[in-house]
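Colleague: Sequence first, predicted model second:
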Amino acid sequence: MTGIDEKIHQGMNEDDRAFLASLDAEPGLFQQMGAAFVGTMKLWTVFAVILSLVFFGLSIWSVFAVFNSETPVEAIGWAGIGLAGFMATGFVKIWFWLRMNHLTLLREMKIIELRLESLNAN
């Protein structure tokens, strides 16, 4: 522990220590995923998950349609739809992971804010 850490620790009351101790525990992957479904963006997150399932289903359907197509032009069309569906699924998944990263950064900033606030209290 450095000198500044000791000063911060001495300036906190028990409630602050307990809260910071709960924040120091790193949440697991499933806890981070669950946190994305809480707050003001929860409806957008649910919409994104449903959208990714729809795009994935469309992609799988178009792969089967490629093999059942009767002309090469139809097969190329279905393959293009399948490729676009897989890409859209990937883009939605990237958005979801960026949302999780955003929430993790907000959590870390809150920890820093609390530590600076307790330092200024001294």
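Modeller: Cool, got the structure.
Colleague: tell me, how many neighbours does Trp61 end up with?
Modeller: Trp61 has 13 neighbouring residues, counting by other Cβ atoms under 10 Å. Glycine gets a C-beta too; all of them are placed from N, C-alpha and C.
Colleague: in what helix or strand does it lie?
Modeller: Taking DSSP states H and E as the definition, Trp61 sits inside helix 42-68.
Colleague: go on, Leu116?
Modeller: Assigned by DSSP H and E, Leu116 belongs to helix 72-120.
Colleague: quick check: angle from that helix to helix 42-68?
Modeller: 160 degrees (axes from the mean of the first three to the mean of the last three Cα atoms, to 10 degrees).
Colleague: Now Gly39, what are its backbone angles?
Modeller: phi 100, psi -160 (degrees, to the nearest 10).
Colleague: contacting residues for it?
Modeller: Shown in contact with Gly39 (Cβ atoms under 8 Å, 6 or more residues apart in numbering): no residues.
Colleague: so what pLDDT did it get?
Modeller: With respect to pLDDT, Gly39 scores 83.
Colleague: What of Met1?
Modeller: 53.
Colleague: Skip the chain neighbours and tell me the closest residue to the spatially most central residue of the chain.
Modeller: By Cα atoms, centre = their mean, the chain has its centre lying nearest to Met100, at 2.1 Å. Spatial nearest neighbour of Met100, excluding adjacent residues (Cβ to Cβ, 6 or more residues apart in numbering): Gln32 at 5.0 Å.
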